[in-house]
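Trainee: Predicted structure and sequence below. I'll ask about it afterward.
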Amino acid sequence: MTVRLGVDIGGTGIKAATVDLERGALVGDRHSVATPRPATPEAVAAAAADLARTIDNVGPVGLGFPGVVRHGVAATAANLDPEWVGIDAAALFSDHLGGRPVTVINDADAAGLAEMRFGAGADQSGVVVMVTLGTGIGTAVFVDGMLVPNSEFGHLVLGGIEAEQVASSRAKQMAGQSWKQWSRQLLVFLEELERLIWPDLLIIGGGISAEFRRFCEGLRTATPVVAASLGNDAGIVGAAIAVRERAAVQPADLADQEGTRR
Ligand code: BGC
């Protein structure tokens, strides 16, 4: 059994667990803490490292980050402190973890990887878009199972407002909307995605996907829409998978830190 530690950094909470990479499943408990506020690089890295240490102290770590991550460096951080922009997140987390190798990937890309390898998108060819609904809206695009990293469709501007301001699960909560009201905005977003990228399958993830049956009726897209099957664990599982698939999600210079283990 190959296991890796997966950490999922969210705008609201940080979750971590050991993941069995052959089964795409958690081994043992999921641990979590609230995301510190302000969510500065130092505060978040320290909190994530403390959490990781409660689980184990050795081996590479995969980390899902709620922003664009290029070559380990955060390029955006819409729901964390703006100080993150330009920070080498992989190096910072690694420093806080006593030099353990760290692979950092966008959180929605991580969740998408987990669903494509072990969940609702397993064996799906063509263009698949995973949409995670949480504090923000994350998207992950796959072409024949290969990730096209850092898609940011949650920031599409629809009627003058960013999609994540009206169709994320936080937006529903803040506006106190019914499932029906909220799913109308979600449908507008999904239809825009269809118009722009013509997916073969849409996968809806994030904690709210556990309630999929309450809002799926309103999602009358031409493209099939399914609920993610790994639920809240997808981000953790995908972050751990990213360690193994890091050559696909990070540049080659970091790909040989651990030797190739596919
Ligand atoms: C960020 C994305 C992230 C999503 C979910 C958005 O605001 O821009 O990078 O995947 O939130 O956390």
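Mentor: The structure has been received and is ready for your questions.

Trainee: What residues does the stretch 101-250 of the chain have near the ligand?
Mentor: Asn106, Asp107, Ala108, Thr132, Gly134, Gly136, Gly138, Glu152, Gly154, Glu164 (Cβ under 6 Å from any ligand atom). Using the backbone N, CA and C atoms, a C-beta is placed for each residue, glycine as well.

Trainee: Go through these and flag which are in strands.
Mentor: Asn106, Thr132, Gly138 (DSSP state E).

Trainee: Please name the bridge partners of the closest residue to Thr54 other than its chain neighbours.
Mentor: Spatial nearest neighbour of Thr54, excluding adjacent residues (Cβ to Cβ, 6 or more residues apart in numbering): His31 at 5.8 Å. Counting by DSSP bridges, His31 is bridged to Ala16.

Trainee: Begin at 596, not 1, for the rest of this chat.
Mentor: Let's use 596 as the start, then, which means that last one is His626.

Trainee: can you count the residues close to His626?
Mentor: 17 (other Cβ atoms under 10 Å).

Trainee: Same question for stretch 776-785: list its buried residues.
Mentor: If you call a residue buried by 16 or more other Cβ atoms under 10 Å, then stretch 776-785 has these buried ones: Trp777, Ser778, Arg779, Gln780, Leu781, Leu782, Phe784, Leu785.

Trainee: Equivalent analysis for stretch 665-680, please.
Mentor: So for stretch 665-680, counting by 16+ other Cβ under 10 Å, buried means Gly667, Val668, Ala669, Ala670, Thr671, Ala672, Ala673, Asn674, Leu675, Asp676, Glu678, Trp679.

Trainee: dump the residue contacts of the fourth one.
Mentor: It stands for Ala670. Gly662, Val663, Val664, Val680, Gly681, Asn745 (Cβ atoms under 8 Å, 6 or more residues apart in numbering).

Trainee: name the element Ala641 belongs to?
Mentor: helix 636-650 (DSSP states H and E).

Trainee: Could you do Leu788 as well?
Mentor: Using DSSP H and E, Leu788 maps to helix 774-792.

Trainee: pLDDT averaged over that helix - what is it?
Mentor: Averaging pLDDT along helix 774-792 gives 98.

Trainee: how about the strands in the stretch 746-857 of the chain?
Mentor: 752-753, 756-757, 796-800, 820-822 (DSSP state E, counting those that start in this stretch).

Trainee: among those strands, which is nearest Val614?
Mentor: strand 796-800 (16.5 Å; Cβ to Cβ).

Trainee: Neighbouring strands of that closest one in the sheet, and parallel or not?
Mentor: strand 722-728 (parallel), strand 820-822 (parallel).

Trainee: Give me the neighbour count for Asp645.
Mentor: 13.

Trainee: er, Met769 actually
Mentor: Residues contacting Met769 under the criterion other Cβ under 10 Å number 11.

Trainee: swap in Ile792?
Mentor: 15.

Trainee: In contact with it, which residues?
Mentor: Val722, Val724, Val736, Phe748.

Trainee: so how far is the ligand from the closest residue to the first one other than its chain neighbours?
Mentor: Read that as Val722. In space, and not counting its chain neighbours, Val722 is closest to Pro794: 4.7 Å by Cβ to Cβ, 6+ apart. In this view, Pro794 and the ligand are 17 Å apart by Cβ to the nearest ligand atom, to the nearest Å.
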